[in-house]
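[1] coords please:
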Amino acid sequence: MSIRDRRIQYETAGLDVADLDRNPFAQFHLWYLQAEEAGIAEPHAMTLSTVDDSGAPDARVVLARAADERGFVFYTNYDSAKSTQLEENPVASAVFAWLDLHRQVRVRGNIVKVSTAESDDYFASRPRASQIGAWASPQSQVLTNREELEALVAGATTRFEGSDVPRPEYWGGWRLIPVSIEFWQGRPSRLHDRFRYVRDRDSWTMSRLAP
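    So this is what the prediction gives:
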């Protein structure tokens, strides 16, 4: 079947304002738990979009490691392409796509680094091999071949043999602080239900959007 002709009819129950929590973070966690229960692979994966210095968008999938009233947190190398873009243009958008449930959540907002303590705490929770990888990989830089990366990993492994692996200063978290969050539920004939929360100081206003 060609891409042009591939279609799935979204035969799912509708979504109305009465179905939604007035707090978008509470609503997000409800949908996230339902995605977990449905066996969605990597339900915490989100497509993160940033803007480069020429104004062009750039997107990639990252894993959210926290989601609360303060925002959505992910971790990365601060020397990576995404981090460089966020330093220059501290705004971003993210999409959680739970396609088996015919749902997505779109987030737009401002970006700040998380505290050193938060980055330290999360780094300490990572598997040792991932900690080594953070030291070894010059993220987003050009490599000659796979062997070059494996040599860097071997060097970092030797360096920290017999000791805990500390967090590199160039590795840590970013927090996406939403100014808007949209919940999308697929419906038949592409007449989807969409509700957008917009931050209004310390509260949120909600609107239904046309599909």
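[2] nearest residue to T12 in space, please, no chain neighbours.
    Counting by C-beta to C-beta, 6 or more residues apart in numbering, H102 is the residue found nearest to T12 once chain neighbours are left out, at 4.7 Å. Heads up, the C-betas are built off the backbone N, CA and C, glycines and all.
[3] neighbours around the one you found, how many?
    Neighbour count for H102, taken as other C-beta atoms under 10 Å: 17.
[4] same deal with W184?
    The number of residues packed near W184 is 22, by other C-beta under 10 Å.
[5] ok, G71 touching I177?
    Yes: using C-beta atoms under 8 Å, G71 is in contact with I177, at 4.2 Å.
[6] who touches both of these two?
    Common contacts of G71 and I177, defined by C-beta atoms under 8 Å, 6 or more residues apart in numbering, comprise G109.
[7] secondary structure element for V112?
    strand 103-113 (DSSP states H and E).
[8] just the buried residues of that strand, please?
    Under the neighbour-count criterion of 16 or more other C-beta atoms under 10 Å, strand 103-113 has 103-109, 111, 113 buried.
[9] show me the contacts for A156.
    Contacts of A156 were listed using C-beta under 8 Å, 6+ apart, and they are 132-133, 135-136.
[10] for these, which one is nearest F25?
    G133 (30.9 Å; C-beta to C-beta).
[11] the closest residue to that closest one other than its chain neighbours: neighbour count?
    Closest residue in space to G133, ignoring its immediate chain neighbours: V153 at 6.7 Å, by C-beta to C-beta, 6+ apart. When counting by other C-beta under 10 Å, one arrives at 15 neighbours for V153.
[12] which SSE is immediately downstream of the one helix or strand V153 maps to?
    Element membership of V153 [criterion: DSSP H and E] is helix 146-159. Using DSSP H and E, the helix or strand that follows helix 146-159 in sequence is strand 171-185.
[13] what mean pLDDT does that following strand have?
    Strand 171-185 comes out with an average pLDDT of 98.
[14] from F96, how far out is the residue most central in space within the chain?
    In the chain, the centroid-proximal residue (C-alpha atoms, centre = their mean) is M46; its distance is 3.6 Å. Distance from M46 to F96, counting by C-beta to C-beta, to the nearest Å: 5 Å.
[15] sounds good, over and out.
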